[in-house]
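>>> Structural data only, the sequence is not supplied:
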């Protein structure tokens, strides 16, 4: 007998750190370093408008003449956001992330960011599923 596929809610990181569009790249860098994270949902008026990754920061900061203390997050963020509901099935989210090479899925409920599911969370979920569902007794 097979077990039901768990939802993303079980494995997501709840209440993720986020940043406003008007904040600077330097502020984003500091937040990522202090919290040990690589993805920041970008909000404007509480609404999800983008995603900023550590890779985005490095790319923009490598351009000539870019001052991270003056350039705003909105100039570096991606507006292509993969977002899902907390009830989304784990297998569908992971398959979509792999197919499109997304590093994260932002979890949204009632137009509010309630979590984030990153490739690190995928690894944790995989490890747990291997241990609990496939371990030999």
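Noted; the coordinates are in hand. Quick caveat, the model's predicted, so the values are computed rather than measured.
>>> from here on, contacts and neighbour counts on C-alpha atoms
Will do.
>>> show me where this structure has strands.
In the chain, the strands defined using DSSP state E lie at 13-14, 19-20, 39-44, 47-53, 83-84, 104-109, 112-118.
>>> Quick one: mean pLDDT for the longest helix seen in the chain?
Longest helix in the chain, counting residues (DSSP state H): helix 119-133. For helix 119-133, mean pLDDT is 91.
>>> Next, the angle strand 112-118 makes with that helix.
Orientation of helix 119-133 against strand 112-118 (axes from the mean of the first three to the mean of the last three C-alpha atoms, to 10 degrees) gives an angle of 70 degrees.
>>> Quick one: residues contacting the residue nearest the centre of the chain.
The centre of the chain sits closest to residue 104, judged by C-alpha atoms, centre = their mean, with a distance of 3.8 Å. Residue 104 makes contacts with 39, 82, 97, 116, 117, 118, 119, as judged by C-alpha atoms under 8 Å, 6 or more residues apart in numbering.
>>> Pass me the low-pLDDT residue ranges in the chain, would you?
1-2, 134-137 (pLDDT under 70).
>>> re the thing from before, distance to residue 28 added to the strands of the chain, as JSON lines?
JSON lines is the format used below for these (distance: least, C-alpha to C-alpha, whole Å):
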{"stretch": "strand 13-14", "distance to residue 28": "19"}
{"stretch": "strand 19-20", "distance to residue 28": "7"}
{"stretch": "strand 39-44", "distance to residue 28": "8"}
{"stretch": "strand 47-53", "distance to residue 28": "8"}
{"stretch": "strand 83-84", "distance to residue 28": "21"}
{"stretch": "strand 104-109", "distance to residue 28": "17"}
{"stretch": "strand 112-118", "distance to residue 28": "17"}
